[in-house]
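turn this into a structure:
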Amino acid sequence: MAVGESGTEVPVLFVHGNLSDGSAWREQLGLLPAGLRGIAPDLRGFGGGRPEPVDATRGVGDFRDDLVALLDDLGLGAVHLVGHSMGGGIVMDLAARHPGRVRTITLVAPVSPYGYGGTRDDGTPCAPDFAGSGGGTANPGLVAAIRAGDRTDADPLSPRNVVRTLYFSEPAAVRNEDELLAGILGARIGDDHYPGDATPSPHWPGTAPGTRGVLNAISPKYFGWQDFPESGCRAPVLWIRGDRDAIVSDTAMTDLGHLGALGMVPGWPGAEVFPAQPMIAQTRRVLERYGDYEERVMTGTGHFPYAERPEEFATLLHAHLARAGR
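Here you go, the predicted structure:
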């Protein structure tokens, strides 16, 4: 866990996403202005995080409860929340269940309010068993490469090439590559962690969520923050995203509906049966229902806009955090 200076500073809790760890926020911790204290823990099963298994039937509840316990251990009350990707879903879940612990919320390329994979525009599942989401949707080659600690770039889906082609807008834009690679390789692999277990399905693409592990925890079968507007939380929300994000978008390169339409997953039954998940549209619709939010698009950036252009991201973040002071 990376932690800034202690004292009377107002705490800012940074929550990383899937296949990452708290070190991804190191630059942002260093850019925080005086009066703010950054805290960037490793989530359960990532980096130096707790080794306990993830009970996916609780959605992201295990991650949320770990963070609340951390805040309690540090003696902290209300904090600013910053969540990236899966971490965005975790902070929304935390804010909905513990609104008194939240000053502001910053979402960075957040997982859709209807979970990841296998939903239509309105959030209804494409299949009754939520096929196309969960642990069975991970690329087995990537899982094997992480398990083996592969640091090469020989395979297109090696962890290093994931950083270059999925995390950033283009290989030339990559910064802090080895640190981000270490975040991927630090993930615990297996049914209890990443990617999780899976259940065979009669529906395309033949896999449905299991009950354990990371990808099941963000499956729409168990997870969603679509009811956040009715939670009672009134913290202002800033939503930052890159317009070249390949992981969270309406045409995500890790969404099986979109990959099927591209002919990259065999047997795709067509858009009427299994459309690409419109993640951006889903998020915008829920936040519009909430009301107190601002959407900022960092043009020319990918899934890690805060790592791709850290100073520009910090300017947006700091202005938002200042709202609590006003």
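
where along the protein do the helices fall?
26-31, 61-73, 86-97, 140-148, 159-162, 177-185, 214-217, 256-261, 279-290, 305-308, 310-325 (DSSP state H).

pLDDT at Gly325, what is it?
Listed pLDDT for Gly325 reads 57.

also Ala276?
98.

what do you get for Arg64?
Value listed for Arg64 in the pLDDT field: 98.

neighbours of it, how many?
Burial measure for Arg64: 22 neighbouring residues, criterion other Cβ atoms under 10 Å. The C-beta positions use only the backbone N, C-alpha and C, and glycine is treated the same way.

same check on the one 10 residues further on?
Summarising burial for Leu74: neighbours were counted as other Cβ under 10 Å, giving 14.

for it, give its distance to Ser20.
From Leu74 across to Ser20, the span is 22 Å (Cβ to Cβ, to the nearest Å).

now swap in Asp250 and tell me
Here the criterion is Cβ to Cβ. By it, Asp250 lies 22 Å from Ser20.

and if you look at Phe130?
Going from Phe130 to Ser20 by Cβ to Cβ gives 24 Å.

the two - which one has more neighbours?
Taking neighbours as other Cβ under 10 Å, Phe130 and Ser20 compare with Ser20 leading, 28 against 24.

ok, now which ones touch that one?
Phe46, His84, Ser85, Leu180, Gly183, Ile184 (Cβ atoms under 8 Å, 6 or more residues apart in numbering).

dump those residues to CSV, plus neighbour count.
Putting those into CSV (neighbours: other Cβ atoms under 10 Å) gives the following:
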residue, neighbour count
Phe46, 25
His84, 29
Ser85, 26
Leu180, 25
Gly183, 24
Ile184, 24
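
out of those residues, who's nearest Thr124?
Nearest to Thr124 out of the contacts of Ser20 is Ser85 (Cβ to Cβ; 23.0 Å).

what sits closest to the closest one if chain neighbours are left out?
Gly17 (2.9 Å; Cβ to Cβ, 6 or more residues apart in numbering).

distance of that neighbour from Asp155?
Distance of Gly17 to Asp155, given as Cβ to Cβ: 22 Å.

give me the more crowded residue out of these two.
Gly17 (28 against 14).

isn't the more buried one right next to Met86, touching?
Yes - between Gly17 and Met86 there is a contact under Cβ atoms under 8 Å: 4.5 Å.

count the residues that sit near the residue lying closest to Ala56 once chain neighbours are set aside.
Ranked by Cβ to Cβ, 6+ apart and with sequence neighbours excluded, the top spatial neighbour of Ala56 is Asn216, at 3.4 Å. If you count neighbours by other Cβ under 10 Å, Asn216 ends up with 32.

which residues touch Asn216?
Val54, Ala56, Gly134, Gly135, Gly196, Asp197, Pro209, Gly210, Tyr222.

out of these, who's nearest Ala276?
Taking the contacts of Asn216 together and measuring to Ala276 by Cβ to Cβ, the closest member is Gly134, at 17.3 Å.

ok, how many other residues are close to the spatially closest residue to that closest one that is not a sequence neighbour?
Nearest residue to Gly134, sequence neighbours excluded (Cβ to Cβ, 6+ apart): Pro209, at 3.0 Å. Neighbours of Pro209 under the rule other Cβ under 10 Å: 34.

and the pLDDT for Pro209?
So, for Pro209, pLDDT stands at 98.

so how many other residues sit close to the residue lying closest to Gly149 once chain neighbours are set aside?
Leaving aside its chain neighbours, Gly149 sits nearest to Leu185 (5.6 Å; criterion: Cβ to Cβ, 6+ apart). Using other Cβ under 10 Å, Leu185 has 20 other residues around it.

show the contacting residues for Ala246.
Thr165, Leu166, Ala252, Met253, Thr254, Gly302, His303.

which ChimeraX command selects the buried ones in those residues?
Those of the contacts of Ala246 that count as buried under 16 or more other Cβ atoms under 10 Å are selected in ChimeraX with:
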select :165,166,252,254,302,303
